[in-house]
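Participant: Sequence below, structure please.
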Amino acid sequence: MSAQAIQKVAIVGATGRIGGAFAKALVEGGKHTVTALTREDGGGKLPGGVHVAKVNYDDEASITNALKASEPPQDLHKRIADAAGKAGVSLIMPNAYGYPIAAGGPQEGDAYGKVAIDRVNETKNGISSSIKLSCGFWYEWSLATGEQWFGFTIKNRKVTFFDEGKRTITVSTWDQCGRALAALLSLPESGSSPSLADYKNGNCSIYSFRVSQRDILDSLHRVLGTTDSDWEITYESVEKRIKEGAEESSKGQITGFVKTMYGKVFLDSTEMSDFAAKGSENISLGLPQEDLDEATKRTVEMVENGWNPFG
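Facilitator: Residues are numbered from 1 along each chain as shown. Predicted structure coming up:
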């Protein structure tokens, strides 16, 4: 390992929300050459200053050649990780965001935790190291997408509180994740702490807010000028929500998986749901303290502008 910082970074999915936040923060930092690996027929918008490498994701040689060109860091994820090893990429951040995995591994029935572990394991190509970025749920996505996620339907002024709606969990904004990656990759690869060696083949936990559904609704009130009387508030036990989600999943309904995944995080017995209560890497990485209402306002604007997360 070098005492210098990594200079060249490749991003898969740089036209998406999290990939775009990564690319934007890295370019703004001015310390890295950023290359976006995009599909040959892709037409998404990229931040200025990002280089483009067109890739056929069904052709491993195409992926490998693209990664070699920039010398950076389910089946597609593994193919990309394997190609990264063949290209000599030193570091991979797997698509395994979310919550830290407990030392004993994912809890029974934690499908997302299993996927996260599998994706981390897929990076073990014999060449590359990995860093898992644990950031909790993405705040804007979870609040804007609909009732099955955080329980809110902003457009219709409806919310389903899980139990009493007062369970505190750790969440992050896309921008905070971008800043975290830029800060991580600006560290020297080795030497005195902090360095990338502190995190390699391990976990880096960062966050934006520790909030409950009640906190989020109060923030929405401040942004929208509403009160509880302007919203339709219902209550549902977390256990019931998880059970219903499992039943929906068995019928092939994707929202069932979502309800189960989010429900498990809102369980009082879930140790990792509010991991920031025990500490994070925010200070070590120089991450700012964000304003909850600003993040809520951005989310409201997304909804009002017709944002479609699946479009």
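
Participant: what about the residue sitting furthest away from the middle of the chain, distance to His221?
Facilitator: In the chain, Ser229 marks the outermost C-alpha relative to the chain mean, sitting 33.2 Å out by CA atoms, centre = their mean. According to CB to CB, to the nearest Å, Ser229 stands 10 Å off from His221. Yep, even glycine has a C-beta here, placed from its N, CA and C like the rest.

Participant: Same check on Ile80?
Facilitator: From Ile80 to His221 the distance is 43 Å (CB to CB).

Participant: do the same with Ile117
Facilitator: For Ile117, the distance to His221 under the criterion CB to CB works out to 39 Å.

Participant: related to what we said a few turns ago, so which of Ile80 and His221 has more stuff around it?
Facilitator: Neighbours around Ile80 and His221, counted as other CB atoms under 10 Å, are more numerous at Ile80. The numbers are 25 against 16.

Participant: I figured the more buried one hits Ala10, correct?
Facilitator: No. No contact is recorded between Ile80 and Ala10 when judged using CB atoms under 8 Å, the distance being 9.7 Å.

Participant: all helices of this protein, in order?
Facilitator: When assigned using DSSP state H, the helices of the chain occupy the ranges 17-29, 60-70, 76-86, 111-122, 139-144, 174-184, 213-224, 238-250, 254-265, 292-304.

Participant: The shortest one - what's its average pLDDT?
Facilitator: Read it as helix 139-144. The predicted model assigns helix 139-144 a mean pLDDT of 96.

Participant: Now that helix - C-alpha only, PDB.
Facilitator: C-alpha atoms of helix 139-144 as PDB (Å, rounded to 0.1, in the frame of the first residue of the first chain):
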ATOM      1  CA  TYR A 139     -33.300   9.800   3.800                       C
ATOM      2  CA  GLU A 140     -34.600  11.400   0.600                       C
ATOM      3  CA  TRP A 141     -35.400   8.100  -1.100                       C
ATOM      4  CA  SER A 142     -37.100   6.600   1.900                       C
ATOM      5  CA  LEU A 143     -39.300   9.700   2.600                       C
ATOM      6  CA  ALA A 144     -40.200  10.400  -1.000                       C
END
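
Participant: For the nearest residue to Arg17 once chain neighbours are set aside, which residues are in contact?
Facilitator: Closest residue to Arg17 apart from its sequence neighbours, by CB to CB, 6 or more residues apart in numbering: Trp174 at 5.3 Å. If a contact means CB atoms under 8 Å, 6 or more residues apart in numbering, then Trp174 has Arg17, Ile18, Gly20, Ala21, Trp138, Glu140, Trp141 as its contacts.

Participant: I'd like to know how many residues surround the second one.
Facilitator: Each residue near Ile18 was counted by other CB under 10 Å, and the total is 21.

Participant: So it versus Thr160, what's the distance?
Facilitator: Between Ile18 and Thr160 the distance, using CB to CB, works out to 26 Å.

Participant: Grab the most central residue of this structure for me.
Facilitator: Tyr97 (4.3 Å).

Participant: ok, so what distance separates Cys204 from Thr296?
Facilitator: Computed with CB to CB, the distance linking Cys204 and Thr296 is 26 Å.

Participant: now Thr270
Facilitator: In this structure, Thr270 and Thr296 are 24 Å apart, going by CB to CB.

Participant: Next: Gly113.
Facilitator: Applying CB to CB, the value for Gly113 to Thr296 is 28 Å.

Participant: Check Glu108 too.
Facilitator: Distance of Glu108 to Thr296, computed by CB to CB: 34 Å.

Participant: who's more crowded, these two?
Facilitator: More neighbours surround Thr296 than the other of Glu108 and Thr296, with 26 against 6 (other CB under 10 Å).

Participant: Apart from its neighbours in sequence, what residue is nearest the more buried one?
Facilitator: Closest residue in space to Thr296, ignoring its immediate chain neighbours: Ser219 at 4.3 Å, by CB to CB, 6+ apart.
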